[in-house]
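Colleague: structure for the following, please:
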Amino acid sequence: MTGSLAVLALGFFLGVRHATDPDHVIAVTTIVARHRHAWGAALIGAAWGLGHTLTIMVVGSGIILFNWVISPRLGLSLEVAVGLMLVVLGVLALRDVWPLFRSNPAPVPDAHDPMHSHAHSHGDYIHTHPHQHEPEAHPHQPDQTPVTRLDRYMGGLTLYRLVRPLVVGMVHGLAGSAAVALLVLTAISDPKWSVLYLIIFGAGTIAGMMLITAAIALPFAWGGGTSSRFAARLQVVAALISIVFGGVLTWQIGFEGGVFTADPRWTPH
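Modeller: This is a model prediction of the structure:
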């Protein structure tokens, strides 16, 4: 009993450590880059951790309780999906900040400030239309944007904003569930304790990712307060890292691992 409790306690800290895997951190960074508050970023991390835990629980329990077998091609395909997902997340992040880099700086206002057009933001919504600053003249109110309409209908940090990290966490969980389940089987022989280990491991992953995302949000929050373009540059860096890392991961697993060949070679890790 004491030995099992020690293993369960270790499972929590291993879950925290698991959250720091490079592909996990890179994926959430591209999502958190849009948020300017540590608390909102921590909720993003919690959503990722919940999605990760759900798939770990479902697939891991199937392996432990029902002796599910994951074929090498399927296991490699799930890992390739992580690489492709990182590329997509990076492209989406670049799309979000592209309008800021296409725009020209706003002219210095004077007593007869003319109507002009440049990309500007209302919260998370970036768009371009004619307006002037002195005196302020806008064709719409700040809350009359697609994003704020969704915010009004769905709340502060809305459910639709948590769907992306939840899905990303589920994909990561699918790719890593076999390795976690096999690790548990070698350490704990009792199936009930093994499933309990998965739950505690998942709780550690959620806690670890909440801490990581809150920490990641700090430079973006500081950059947003200093200059929107500086924050956008940080987001571009995160997006490019995600694209490159995802592309390399996809190539390595797809061709070196053999998922795109007739001889797949897979070792869960």
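Colleague: other SSEs contacting the helix or strand where Ala42 lies?
Modeller: Secondary structure assignment for Ala42, by DSSP states H and E: helix 38-66. Here helix 38-66 touches helix 22-32, helix 159-187, helix 191-226, going by 3 or more C-beta pairs under 8 Å, 6 or more residues apart in numbering; DSSP states H and E. Just so you know, the C-beta spots here come from the backbone N, C-alpha and C atoms, and that holds for glycine as well.
Colleague: tell me which of those approaches Ala232 most closely.
Modeller: Of all these, helix 191-226 sits nearest to Ala232, with 8.3 Å by C-beta to C-beta.
Colleague: now the closest one: mean pLDDT?
Modeller: What helix 191-226 shows for mean pLDDT is 86.
Colleague: name the SS class of Gln189, please.
Modeller: In this structure residue 189 is Ser, not Gln. coil (DSSP: H, G, I helix; E, B strand; the rest coil).
Colleague: what about it, how many neighbours?
Modeller: By the measure other C-beta atoms under 10 Å, the count of residues near Ser189 is 10.
Colleague: ramachandran coordinates for it?
Modeller: Phi and psi for Ser189, reported as degrees, to the nearest 10, are phi -90, psi -30.
Colleague: from Ile70, how far out is it?
Modeller: Separation of Ser189 from Ile70 (C-beta to C-beta, to the nearest Å): 21 Å.
Colleague: quick one: stretch 257-269 to chain centroid distance?
Modeller: From the chain centre to the centre of stretch 257-269 is a distance of 26 Å (C-alpha atoms, centre = their mean, to the nearest Å).
Colleague: how much space between the residue nearest to the spatial centre of the chain and Val244?
Modeller: Per C-alpha atoms, centre = their mean, the C-alpha nearest to the average position across the chain is that of Val28, at 2.7 Å. Using C-beta to C-beta, we find Val28 at a distance of 17 Å from Val244.
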